[in-house]
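Novice: predicted structure and sequence below. I'll ask about it afterward.
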Amino acid sequence: MVEDNRIVEPRNACQRGRDWFLAANQPVADPFLLDGRPAAYKQAIQRAAELLGQARSPLIYGLSQTTTEAQRAAVALADRASATIDTPTSTLQGPVGMSLHGVGEMTCTLGEVRNRGDLIIFWGCDPATTHPRHFERYSLDAVGMFVPRGRADRTCVVVDTQRTATAERADVFLQIKPGSDFEASWTLRAVIAGLPVDAAWVESLTGVPLERWRGLAERMLAAKFGVISYGAATAANRNQLTVEALLALTRDMNAHTRFVCNALRTGGNLTGAESVLLWQTGFPFGVSFARGYPRYNAREFSAEAMLARGEIDVAVVVAREPASELSDRAL
């Protein structure tokens with residue numbers, strides 16, 4: 001409910017959503033500051049523009065808690081100012097973006113998951129805790145066009161290092177050893193391809209007997225529309241190799257049936273920031289316009305690396321608090 005152009009009561013939202021709307025709606029005593037003192041909007045904008053115009057190596061960073069339209073404007077600003085533009089992905093979940101270069105992505109909308117997904121695999125994520133409405137709106141419990149009975153028409157598999165709230169809802173739970181996501185994915189690829197696999201080797205590395213992986217492979221091959229959703233912990237494991245393995249597994253499955261893979265992200269609209277950058281520049285994060293055209297290097301042009309090297313003279317931080325994700329040197 002809105003009064004005087006302010007949200008006074010969020011409706012039809014989960015508790016996480018209610019907290020977000022109410023926190024974002026708090027009035028700011030001094031919305032515009034110039035040199036630490038309150039200033040008019042035009043003064044603050046003018047000074048920011050002057051600083052960017054004089055900068056030799058500016059940085060635009062953040063963008064995870066704002067809209068797609070604002071993210072697109074930030075890319076245009078980076079282009080105009082010959083700046084580097086980066087998101088927290090470069091520090092937190094860089095493997096997701098880097099994997100897209102190596103393997104590609106087979107994905108879909110959440111609406112397609114709702115209407116078609118009959119096999120849902122949650123890999124290293126716990127949406128029952130992190131995404132409270134995911135089950136009822138998009139996955140397990142949602143009633144869809146080709147799954148009219150909702151949960152009764154779906155099979156849920158959880159692959160994780162520990163039993164979670166989501167695992168309690170699953171039909172199959174495979175508890176793997178920490179750090180073995182790559183080996184588990186590669187085992188499934190080998191089984192589906194009909195290649196010989198050493199049972200003792202698989203169980204020693206993944207902690208799960210080979211026969212259980214064969215059982216999962218059979219379920220995947222029998223699915224009409226399979227979905228793999230992976231979490232941040234999986235993305236952070238072994239650089240981009242783990243995500244590449246899951247994407248490669250998804251690609252393999254499309255030779256047999258329809259399969260998609262998506263990241264179950266947290267932290268606002270970080271996925272949107274990556275998508276806008278890919279759309280506008282061809283690269284997911286860490287993009288430099290210093291030479292008048294977009295260049296990409298995950299190590300050289302990340303905010304962390306450039307700030308730590310002392311190369312940035314003006315930083316524009318948009319809708320993000322970097323203190324929790326950048327090193328002391330960079331800060």
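Specialist: Everything's here; your move.
Novice: low-confidence stretches in the chain?
Specialist: 24, 26-30, 93-102, 235-239, 267 (pLDDT under 70).
Novice: all strands of it, in order?
Specialist: For the chain, the strands identified by DSSP state E occupy 2-3, 6-7, 33-34, 37-38, 58-62, 84-86, 119-123, 155-160, 172-175, 225-230, 258-263, 287-288, 295-296, 314-318, in order along the chain.
Novice: within the sheet, what are the partner strands of the fifth one, with directions?
Specialist: What it means is strand 58-62. Take DSSP bridges as the rule and strand 58-62 pairs in its sheet with strand 84-86 (parallel), strand 314-318 (parallel).
Novice: mind listing what's buried along the last one?
Specialist: By 16 or more other Cβ atoms under 10 Å, the buried positions in strand 314-318 come out as 314-316, 318. C-beta coordinates here come from the backbone N, C-alpha and C atoms, glycine included.
Novice: over to stretch 46-65?
Specialist: Burial within stretch 46-65, assessed by neighbour count using 16+ other Cβ under 10 Å, is assigned to 52, 55, 57-65.
Novice: including distance to Ala223, could these go into CSV?
Specialist: What follows is those, written out as CSV (distance: Cβ to Cβ, whole Å):
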residue, distance to Ala223
Leu52, 51
Ala55, 52
Ser57, 50
Pro58, 48
Leu59, 45
Ile60, 42
Tyr61, 41
Gly62, 39
Leu63, 36
Ser64, 33
Gln65, 36
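Novice: tell me which two of those sit farthest apart.
Specialist: Farthest pair in the buried residues of stretch 46-65 (Cβ to Cβ) is Ser57 and Gln65. Separation: 25.0 Å.
Novice: hang on, the earlier thing: can you tell me which of the strands of the chain is most buried?
Specialist: The densest packing among the strands of the chain, expressed as mean neighbour count by mean count of other Cβ atoms under 10 Å, is seen in strand 84-86 with a mean of 29.
Novice: can you tell me the closest non-neighbouring residue to Asp160?
Specialist: In space, not counting the residues next to it along the chain, Asp160 is nearest to Gly124; the distance is 5.7 Å by Cβ to Cβ, 6 or more residues apart in numbering.
Novice: ok, the one you found touching Gln162?
Specialist: No - under the contact definition of Cβ atoms under 8 Å, Gly124 does not touch Gln162, with a separation of 10.1 Å.
Novice: those two - which one has more neighbours?
Specialist: Relative neighbour count places Gly124 above the other of Gly124 and Gln162, with 24 against 9, counting by other Cβ atoms under 10 Å.
Novice: now do that one against Thr242, distance only.
Specialist: Noted for Gly124: a distance of 9 Å to Thr242, by Cβ to Cβ, to the nearest Å.
Novice: what is in contact with the two at once?
Specialist: Residues within reach of Gly124 and of Thr242 at once, by Cβ atoms under 8 Å, 6 or more residues apart in numbering, are 181, 234.
Novice: rewinding a little: so which of the buried residues of strand 314-318 is the closest to Arg291?
Specialist: Each of these was scored against Arg291 by Cβ to Cβ, and Val314 proved nearest at 18.1 Å.
Novice: bridged to the closest one, which residues?
Specialist: Note on Val314: beta-bridge partners Pro58, judged by DSSP bridges.
Novice: I figured it hits Gly53, correct?
Specialist: No - look at Val314 against Gly53 with Cβ under 8 Å: they stay out of range, at 9.5 Å.
Novice: dead centre of this structure: give me the residue that sits there.
Specialist: Arg265 (3.9 Å; Cα atoms, centre = their mean).
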